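> can you look at this prediction? I've put the sequence above it.
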Amino acid sequence: MKSTDTGRTPDEIVLTPAARRILDVASALFYAHGITAVGVDTIAAESGVTKRTLYDRFGSKDALVASCLAERNRLWWARLEARLAELDGERVLATFDCYLDTRDIGRGCAFLNAAAELPREHPAHALARGHKRAVRERIGELLALDHPDLEGRDDLAEHLFLLLEGAVSQRGLDDDDRRMRTARDLAASLLPSGRPASTQG
């Protein structure tokens, strides 16, 4: 399965200009203030549309939340593919670079935030779980590509994933990239090459 297939990145919905504006505004508001704290009245007003337009485009707030997370997921995988195309060295480090590329810092990871705030049966919760599961799988795939004969590769993939997730969580508390960059260097030191590779871009 390619990383852009439906199992990893949901098919992008064709959006009207109004729907795109709603999606962008809602995503920013949900991230800044929390999902339950932001109502559809606020989203509609800041998007410059009526509530009826919002419901016509997305059906419900729950569906809008899921669409926002699906779009974040799509953008993250697009950044990963771009990083993989330009990275000189260990490809697995591109997963760290993707989070470094994400300018949302102050409130941490949007996927973890959504999973913490929403009930498990919410469609966005499934998207958050799926994103994290797919990142873990991709780390394993990238290790296999670069080191097909490496012993203990699955254990290393799990180690790198947990290192990545710890850095992502801490980034939200620190409000800077220091620990994320340190985690990237630590990840590089665990790879068979055994030395940090410079961040591209």
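Ah, there it is.
> how about low-confidence regions in this structure?
By pLDDT under 70, the low-scoring segments of the chain are 1-14, 105, 194-201.
> and the longest helix for it?
helix 61-86 (DSSP state H).
> buried set for the helix or strand containing Ala183?
Using DSSP states H and E, the element containing Ala183 is helix 178-190. With burial defined by 16 or more other C-beta atoms under 10 Å, the residues of helix 178-190 counted as buried are 179-181, 183-184, 186-188. Yep, even glycine has a C-beta here, placed from its N, CA and C like the rest.
> cool, stretch 59-78 as well?
For stretch 59-78, a neighbour-count test (16+ other C-beta under 10 Å) marks 61, 64-74, 76-77 as buried.
> what does stretch 101-112 rub up against?
30-32, 69, 72-73, 76, 79, 83, 99, 113, 127-128, 131-132, 168-169, 171-173, 175-177, 201 (C-beta atoms under 8 Å, 6 or more residues apart in numbering).
> distance from it to the middle of the chain?
Relative to the chain's own centre, stretch 101-112 is displaced by 8 Å; criterion: C-alpha atoms, centre = their mean, to the nearest Å.
> how about stretch 118-125 as CSV, C-alpha atoms only?
Only the C-alpha atoms of stretch 118-125 are listed here, as CSV (Å, rounded to 0.1, in the frame of the first residue of the first chain):
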residue,chain,number,x,y,z
LEU,A,118,-13.1,13.3,21.8
PRO,A,119,-14.9,10.0,22.7
ARG,A,120,-13.3,6.9,21.1
GLU,A,121,-16.4,6.4,18.9
HIS,A,122,-16.0,9.8,17.3
PRO,A,123,-14.9,9.5,13.6
ALA,A,124,-12.0,11.9,14.2
HIS,A,125,-10.7,9.7,17.0
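> Leu29 and Ser47, how far apart?
For Leu29, the distance to Ser47 equals 10 Å [C-beta to C-beta, to the nearest Å].
> the two: who's more crowded?
Ser47 (22 against 19; other C-beta atoms under 10 Å).
> I'd guessed the more buried one sits against Pro17; true?
No: using C-beta atoms under 8 Å, Ser47 is not in contact with Pro17, being 10.7 Å away.
> in what helix or strand does Phe161 lie?
Going by DSSP H and E, Phe161 is part of helix 153-174.
> which parts of that helix are buried?
Neighbour counts over helix 153-174 (16+ other C-beta under 10 Å) mark 156-157, 160-161, 163-165, 167-168, 171-172 as buried.
> same check, this time on stretch 85-103
87, 89-102.
> and which of the residues you listed is nearest Leu145?
Leu145 has its nearest neighbour among the buried residues of stretch 85-103 in Arg91, at 6.3 Å by C-beta to C-beta.
> so who does Ala183 touch?
Here Ala183 is in contact with 96, 163-164, 166-167 (criterion: C-beta under 8 Å, 6+ apart).
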